[in-house]
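J.: structure, please.
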Amino acid sequence: MSKGVTAVTVKFSDTDLQIETGETSQLTLILSGNLNVSADILFTYQVGDDIKYTDDKQIIYPVPNMTIYPGNKSSSVVIKAHNAGHVTLGVNSSSSELEGLSRAFVRINTVRSSVLVVINAVIGWLYFAAWSVSFYPQVYINWKRKSVVGLNFDFLSYNITGFLAYGFFNVGMFWVTGVKNDYLSQHPRGINPVQLNDVIFTLHAVFITLVTIGQCFIYEKGGQKVSKICMVLVAGAWLFAAAALIVTLTHKITWLTYLYYFSYIKLGVTLIKYIPQAYMNYQRKSTVGWSIGNVLLDFTGGSLSLLQMFLLSYNSDDWGSIFGDPTKFGLGFFSILFDILFIVQHYCLYHGRDAYQVIGEEKEIKVNAKNQDYQGAQTVY
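T.: Model prediction:
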């Protein structure tokens, strides 16, 4: 750029646009100042990691290149959706007056149906609510029985480890400026994967899990304790996190990479956390003490989450978001399988066995559910 010439930046009026196939929308290309010489603007199309001057998948109809003349500080850009999918529209120019062109882009999501967009939003809030509420039936049943017998302590240990790790990841990605800048430098046209509802859900999960753990200290636990295997695995996870912190502090890896390690801990925990509870139910031949309400709500949330994934993929013709990320899909499906196992254990395999009765809200005795209930006793499942 010549000395004394003020640089002019370009941006779109919106950075995100959602449009139904066959529909037309209008954006504005805005300049920060006046040009001295007219500039030719060429539009680029990014699908995946490839940036080209043509949209091979024809997600939108080609946008005609334009010329911006001196005195014009904006120009209209008409977008017409052709096929469902995702494309990022960018600009390029040989003008020496324009700079920062790589930061001028709009992410376009073309969908088959706007109605499905609304349905998906509703589904999202439903599974968020189901997952958030799913913690409370266990807290309630512990309080009602004044006992945590039947609730596996390994499960709680894995759960708090997983949610703390996930919390560190979400809080760092959402609130720490340095981490967000690192992410944007690696994904200049990407969207932060962590949203406010993710942070709220995780912080709430940590809190209510700590409440449940607190109940284990004040209620009858029947000699239950955390297994040595669990203690080794949990200690190993936190030792790994501590070692990675030292490496991060010595600037060997970035804080973003360090936070990703916490997400890996969460993934590992999700794979194993239900196993101790399922095995304990099998050993006791009973699900008493393990809340089926928690399971049903978790199953509801997980099923709705997978349904939303499929509807989103269909609506945007983006099946790669599911099958291209088998870890995320697999973990969700894996959790649902365990929910089904717990449902079978509760309603089929061990239904009516080893029920607990609360007498006078003070003393708990174990009886066979088929026996006649004592007068004034309340059966708790």
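J.: just checking, what packs against the strand or helix carrying residue 236?
T.: Under the criterion of DSSP states H and E, residue 236 resides in helix 228-249. With contacts taken as 3 or more C-beta pairs under 8 Å, 6 or more residues apart in numbering; DSSP states H and E, helix 228-249 sits against helix 153-175, helix 255-272. Where C-beta positions appear, they are placed from N, C-alpha and C, glycine not excepted.
J.: could I get the buried residue list for that helix?
T.: For helix 228-249, a neighbour-count test (16 or more other C-beta atoms under 10 Å) marks 230, 233-234, 237, 241, 244, 248 as buried.
J.: now do it against helix 255-272, angle only.
T.: Inter-element angle recorded for helix 228-249 and helix 255-272: 170 degrees (by axes from the mean of the first three to the mean of the last three C-alpha atoms, to 10 degrees).
J.: make 741 the starting number, not 1.
T.: Done: numbering now begins at 741, and the last item shifts to helix 968-989.
J.: now helix 968-989, how far from the centre of its chain.
T.: 23 Å (C-alpha atoms, centre = their mean, to the nearest Å).
J.: what's it in contact with?
T.: Contacts to helix 968-989, defined as C-beta atoms under 8 Å, 6 or more residues apart in numbering, come from residues 893-894, 897-898, 901, 905, 993-995, 997-998, 1001-1002, 1005, 1008-1009, 1012, 1016.
J.: the spatially closest residue to residue 871 that is not a sequence neighbour and residue 814, how far apart?
T.: What sits nearest to residue 871 in space, not counting adjacent residues and going by C-beta to C-beta, 6 or more residues apart in numbering, is residue 1041, at 3.9 Å. Per C-beta to C-beta, to the nearest Å, residue 1041 is found 45 Å from residue 814.
J.: for the two, indicate the residue with more neighbours.
T.: A side-by-side neighbour count of residue 1041 and residue 814, using other C-beta atoms under 10 Å, places residue 1041 first with 23 against 11.
J.: quick one, phi psi at the more buried one?
T.: The phi/psi pair for residue 1041 (degrees, to the nearest 10) reads phi -60, psi -40.
J.: so it touches residue 864, yeah?
T.: No: the criterion here is C-beta atoms under 8 Å, and residue 1041 misses it with residue 864 at 10.6 Å.
J.: show me what the residue lying closest to residue 763 once chain neighbours are set aside bridges to in the sheet.
T.: Distances taken as C-beta to C-beta, 6+ apart place residue 821 nearest to residue 763, at 5.7 Å, with adjacent residues excluded. Beta-bridge pairing for residue 821 (DSSP bridges): residue 800.
J.: turn the helices and strands packed on helix 968-989 into JSON lines, columns for distance to residue 1034, mean neighbour count and mean pLDDT.
T.: Converted to JSON lines, the helices and strands packed on helix 968-989 look like this (distance: least, C-beta to C-beta, whole Å; neighbours: other C-beta atoms under 10 Å; pLDDT from 0 to 100):
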{"stretch": "helix 893-915", "distance to residue 1034": "11", "mean neighbour count": "21", "mean pLDDT": "96"}
{"stretch": "helix 995-1012", "distance to residue 1034": "16", "mean neighbour count": "18", "mean pLDDT": "94"}
